[in-house]
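Q: Fold the stuff below for me.
(one chain, ligands or ions: 1)
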Amino acid sequence: MDLKSNHSSPVLTDPIPVTNSRLGIHSNLLSYPPSGGTLPTGKYIMIPRKKPGKLEDVWSNGWLEAMRSSSPPRKKLIKHKDFNIDAAADDFDIAYCSWMTKYPSALKSIDQISKNAENKIIAIFLDYDGTLSPIVDDPDRAFMSDSMRSAVKDVAKLFPTAIISGRSRDKVYELVGLTELYYAGSHGMDIMGPVSHAESDGHPNCIRSTDQQGKEVKLFQPAREFIPMIDEVFKTLVLNTRDIKGAKVENHKFCTSVHYRNVEEKNWPTIAQRVHDILKDYPRLRLTHGRKVLEIRPVIDWNKGKAVEFLLESLGLSDRDDVLAIYIGDDKTDEDAFKACILLESNLGYGILVSSVPKESKAFLSLNDPSEVKKFLKALVNMEQE
Ligand SMILES: O=P(O)(O)OC[C@H]1O[C@H](O[C@H]2O[C@H](CO)[C@@H](O)[C@H](O)[C@H]2O)[C@H](O)[C@@H](O)[C@@H]1O
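A: Presented below is the predicted three-dimensional model:
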């Protein structure tokens, strides 16, 4: 991993990323014209509301379609002896059963995992929303249960464990409240990891810091320079969506989210168009879709997969054939991490998708919901103790 030799930010220079290191640190900034979206050095600048674009914009670029298909409602499943479902009651259940043949239950694969884990170091990576906490209408009330917290704590005592979330690192730490593990916020753009002598330690975006307990840690923030820009966009988004009932904007420091879960579907085109119009002024920012949320983040070659690689390196676990990594997540942004698990040197990575509806994924196994995640974490602890 060549982070030292390149002292600029990992900003994408091409639509198709051309990386010069395993972690994809890039040397050049985007060559977009500085018309808006430049990094402000002074105080917050108000972006004047431009003439709104046409609604066709959000239709033609597929935003609305992606919004409609994101986070479909859960269906209650009936138990079956092979698939956790009793009988295929309708087309949905049949589709789910057949999907589970492609993504078998991680709970039922524990013996296989245990076999593969013999004499290996297991590293655990967990997403937060929809994985450790159930999806709820109010993002501020997405609490994890005490029993889940204790399952995560037990896992972290036995295996190096990290939570990699789209939320800000502080927020996810506040929600989880465990000191036994590592945290990465803003989709991996804000990592607090162990102090090591990894190559990444020499990178200017990697600094020594202390955690809440005063322990020395490493802080890696590859999108540092975007903080003022994200703050500016966040404020503009709040202003420009305040008349849309149910819309909620969150500032995660290195990225920002616009929630439409509580917005009436007839107003989705409006919210999409407002976000679209603002983004037009920021060529160095891009949009990704999450579960009923539009996420705006810097155009840098960094994601949850890179965060997995970074943490493995910091833990001294990269490029080794005795490491088995497990990543559990429920969202599109977790796909990069599933890919990173597939690419491990050891060939021993398990991506586990949490989903109660059939979804195409790079994951290898599946779990139905956070309650199954908790069972799986407990099964890992039992496996290790046995
Ligand atoms: O990477 P994650 O930890 O899964 O974070 C992704 C987003 O999670 C949160 O939103 C999602 O969960 C909310 C609470 O259940 C739900 O109301 C929302 O519809 C979901 O999209 C968080 O609020 C976002 O900022 C994160 O980007």
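Q: Next SSE downstream of the worst-scoring helix or strand of the chain on mean pLDDT?
A: Within the chain, judged by mean pLDDT, DSSP states H and E, the helix or strand with the poorest mean is strand 85; its value is a mean of 50. Following strand 85 in sequence order, the next helix or strand is helix 91-102 (DSSP states H and E).
Q: which parts of that next one are buried?
A: Neighbour counts over helix 91-102 (16 or more other CB atoms under 10 Å) mark 93, 96-97, 99-100 as buried. C-betas here are computed from N, CA, C, even on glycine.
Q: I'd like the next helix or strand past it.
A: Downstream of helix 91-102, the next assigned helix or strand under DSSP H and E is helix 110-116.
Q: Report whether the helix or strand that that following helix is followed by contacts the ligand.
A: Remark: after helix 110-116, the chain's next helix or strand is strand 121-126, criterion DSSP H and E. No: using CB under 6 Å from any ligand atom, strand 121-126 never reaches the ligand; the gap is at least 8.9 Å.
Q: Tell me the helices and strands packed up against strand 121-126.
A: In this structure, strand 121-126 packs against helix 146-158, strand 161-164, helix 304-314, strand 323-329, helix 370-385, with contacts taken as 3 or more CB pairs under 8 Å, 6 or more residues apart in numbering; DSSP states H and E.
Q: Name every strand pairing with the second one and say which way it goes.
A: Sheet pairing of strand 161-164 (DSSP bridges) gives strand 121-126 (parallel), strand 182-185 (parallel).
Q: Quick check: which of these has the most neighbours on average?
A: Sort those by mean neighbour count, taking mean count of other CB atoms under 10 Å, and strand 182-185 sits at the top with a mean of 24.
Q: Write out the residues of this structure neighbouring the ligand.
A: Residues of the chain found near the ligand (CB under 6 Å from any ligand atom) are 127-130, 135-137, 139, 142, 165-167, 250, 257, 259, 261, 290-293, 295, 331, 333.
Q: So which of the buried residues of helix 91-102 is the closest to S356?
A: In terms of CB to CB, no member of the buried residues of helix 91-102 lies closer to S356 than Y96, at 8.0 Å.
Q: isn't the closest one right up against P358?
A: Yes: contact status for Y96 versus P358: in contact at 5.7 Å, counting by CB atoms under 8 Å.
Q: still on that earlier bit, reformat the helices and strands packed on strand 121-126 as a markdown table; add mean neighbour count and mean pLDDT.
A: A markdown table is the format used below for the helices and strands packed on strand 121-126 (neighbours: other CB atoms under 10 Å; pLDDT from 0 to 100):
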| stretch | mean neighbour count | mean pLDDT |
| --- | --- | --- |
| helix 146-158 | 17 | 98 |
| strand 161-164 | 26 | 98 |
| helix 304-314 | 26 | 95 |
| strand 323-329 | 26 | 96 |
| helix 370-385 | 18 | 96 |
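Q: export stretch 62-70 as PDB, just CAs?
A: In PDB, the C-alpha atoms belonging to stretch 62-70 read as follows (Å, rounded to 0.1, in the frame of the first residue of the first chain):
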ATOM      1  CA  GLY A  62     -32.500   7.200 -13.000                       C
ATOM      2  CA  TRP A  63     -32.600   8.900  -9.600                       C
ATOM      3  CA  LEU A  64     -36.400   8.400  -9.200                       C
ATOM      4  CA  GLU A  65     -36.200   4.800 -10.200                       C
ATOM      5  CA  ALA A  66     -33.400   4.200  -7.700                       C
ATOM      6  CA  MET A  67     -35.400   6.000  -5.000                       C
ATOM      7  CA  ARG A  68     -38.500   3.900  -5.600                       C
ATOM      8  CA  SER A  69     -36.500   0.600  -5.500                       C
ATOM      9  CA  SER A  70     -34.500   1.500  -2.400                       C
END
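Q: May I see the buried residues of it?
A: Neighbour counts over stretch 62-70 (16+ other CB under 10 Å) mark 63-64, 66-67, 70 as buried.
Q: need those in CSV with pLDDT and secondary structure, can you?
A: Below are the buried residues of stretch 62-70 laid out as CSV (pLDDT from 0 to 100; DSSP: H, G, I helix; E, B strand; the rest coil):
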residue, pLDDT, secondary structure
W63, 85, helix
L64, 87, helix
A66, 90, helix
M67, 91, helix
S70, 82, coil
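Q: Strands along the stretch 201-350 of the chain, start to end?
A: For the stretch 201-350 of the chain, the strands defined by DSSP state E, counting those that start in this stretch cover 206-210, 216-220, 248-251, 256-259, 285-290, 293-298, 323-329, 349-354.
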